[in-house]
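*Asks:* here is my input, please return the structure:
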Amino acid sequence: MNKTENKVIFAGAGPGDPELMTIKSMRALESADLVIYAGSLVPEAVLCWKGSTTETISSAGMNLDEIIDKIKVYHGLGKRVVRLHTGDPSLYGAIFEQIRELQKIGIPYEVFPGVTAAFAASSRMGMEYTLPEVTQTLILTRVSGRTPVPESEDLEKLAAIKSSMAIYLSIGHAKKVQTILERHYGKESLCAIAYKVSHPEEQFFYTKIQDLTKTCEENNITRHALIIVGKAVEASQTNQALIPSKLYDPGFSHGYRQVEKD
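*Replies:* Numbering: from 1, shown residues only. Sure thing, here's the model as predicted:
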């Protein structure tokens, strides 16, 4: 195979359920000679799609140089390499630093998207993040921890918008998150903790924001969980009346449906 045609594939493994992987990523695994997967997050169950002779390596204990060196060796031999990341690789996947290194040494690449946990969670919750005239914005973010967050994107500022919000990589800072959300969404407002979404161990906990930390402690949740907050969460768990969308309103005309005027 021509090395310039043999692209390294950065593929999204999805949230955990092998059947939520895209067909493109699945086919990439089937034809790969080597799969380097993010072993700290990607469950081995998704490797069920790999070929019978495909080699697999967990990158959990590897640094950037080691990952790039391994890719360089296999690509130099004309082998197909897949770099498998959890969820969607463009979200907290640290793929850009890898891409930049591949660009430096002239190795071509392509990125295949995946299902991120926030969307797998909403599907399991029967929830729509964007409700007409209630909230039309979804924020995907994290709280500042060992990896700093830019001051302009501090959770305090984002929470002030009061939109739907899925907070990643922050369950270990539940108390800090709770304090911020209480100020902007209210102590009595409902939030959700989505634990190991789409994995066999999947669990959802609905709790008032003031009980967020307590709920995490009582259920021993310290990682692998999203915090989801906003009016969409409450709407999914109550029978409150909602404003219907214009899209299916029989009295609303649009490019595909015209309403005759009396």
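*Asks:* which elements pack onto the helix or strand of the chain with the lowest mean pLDDT?
*Replies:* Lowest by mean pLDDT, DSSP states H and E among the helices and strands of the chain is helix 231-237, with a mean of 93. Secondary-structure packing of helix 231-237 (3 or more CB pairs under 8 Å, 6 or more residues apart in numbering; DSSP states H and E): strand 164-168, strand 190-195. The way it works is simple: take the backbone N, C-alpha and C, and place the C-beta from them, glycine included.
*Asks:* which SS state does the nearest residue to Glu153 once chain neighbours are set aside fall under?
*Replies:* Nearest residue to Glu153, sequence neighbours excluded (CB to CB, 6 or more residues apart in numbering): Thr141, at 6.7 Å. Under DSSP: H, G, I helix; E, B strand; the rest coil, the three-state class of Thr141 is strand.
*Asks:* just to revisit the earlier point, which parts of the least confident helix or strand of the chain are buried?
*Replies:* Buried residues in helix 231-237, counted by 16 or more other CB atoms under 10 Å: Lys231, Ala232, Val233, Glu234, Ala235, Ser236.
*Asks:* distance between the ends of stretch 107-114?
*Replies:* End-to-end distance for stretch 107-114, by CA to CA, to the nearest Å: 22 Å.
*Asks:* buried ones in that stretch?
*Replies:* Going by neighbour count (16+ other CB under 10 Å), the buried part of stretch 107-114 is Ile107, Tyr109, Val111, Phe112, Pro113, Gly114.
*Asks:* can you show me the helices along the stretch 51-200 of the chain?
*Replies:* Secondary structure of the stretch 51-200 of the chain by DSSP state H, counting those that start in this stretch: the helices cover 64-76, 95-104, 117-125, 155-159, 174-185.
*Asks:* count the residues that sit near Leu181.
*Replies:* Counted by other CB atoms under 10 Å, the residues lying close to Leu181 total 25.
*Asks:* now do the contacts for the residue positioned nearest the centre of the chain.
*Replies:* Centrality entry for the chain: nearest residue to the mean C-alpha point is Thr116, 2.8 Å, by CA atoms, centre = their mean. The contact partners of Thr116, by CB atoms under 8 Å, 6 or more residues apart in numbering, come to Gly12, Pro15, Gly87, Asp88, Leu91, Leu140.
*Asks:* quick revisit: make TSV out of the helices of the stretch 51-200 of the chain and add distance to Asn6 and mean pLDDT.
*Replies:* Shown next, in TSV, are those (distance: least, CB to CB, whole Å; pLDDT from 0 to 100):
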stretch	distance to Asn6	mean pLDDT
helix 64-76	7	97
helix 95-104	12	97
helix 117-125	31	97
helix 155-159	41	97
helix 174-185	44	98
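*Asks:* Throw those helices into TSV and include distance to Thr215, thanks.
*Replies:* Formatted as TSV, the helices of the stretch 51-200 of the chain follow (distance: least, CB to CB, whole Å):
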stretch	distance to Thr215
helix 64-76	36
helix 95-104	33
helix 117-125	16
helix 155-159	19
helix 174-185	9
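*Asks:* what's the most buried one of these?
*Replies:* Greatest average neighbour count among the helices of the stretch 51-200 of the chain goes to helix 117-125 (a mean of 21), per mean count of other CB atoms under 10 Å.
*Asks:* which helices and strands does that one pack with?
*Replies:* Where contact means 3+ CB pairs under 8 Å, 6+ apart, helix 117-125 is packed against strand 164-168, strand 190-195, strand 203-208, strand 225-229.
*Asks:* ok, Leu131 touching Glu234?
*Replies:* No. Counting by CB atoms under 8 Å, Leu131 does not reach Glu234; the two are 10.2 Å apart.
*Asks:* what are the buried residues along stretch 134-141?
*Replies:* For stretch 134-141, the buried set under the neighbour-count rule, 16+ other CB under 10 Å, comprises Val134, Thr135, Leu138, Ile139, Leu140, Thr141.
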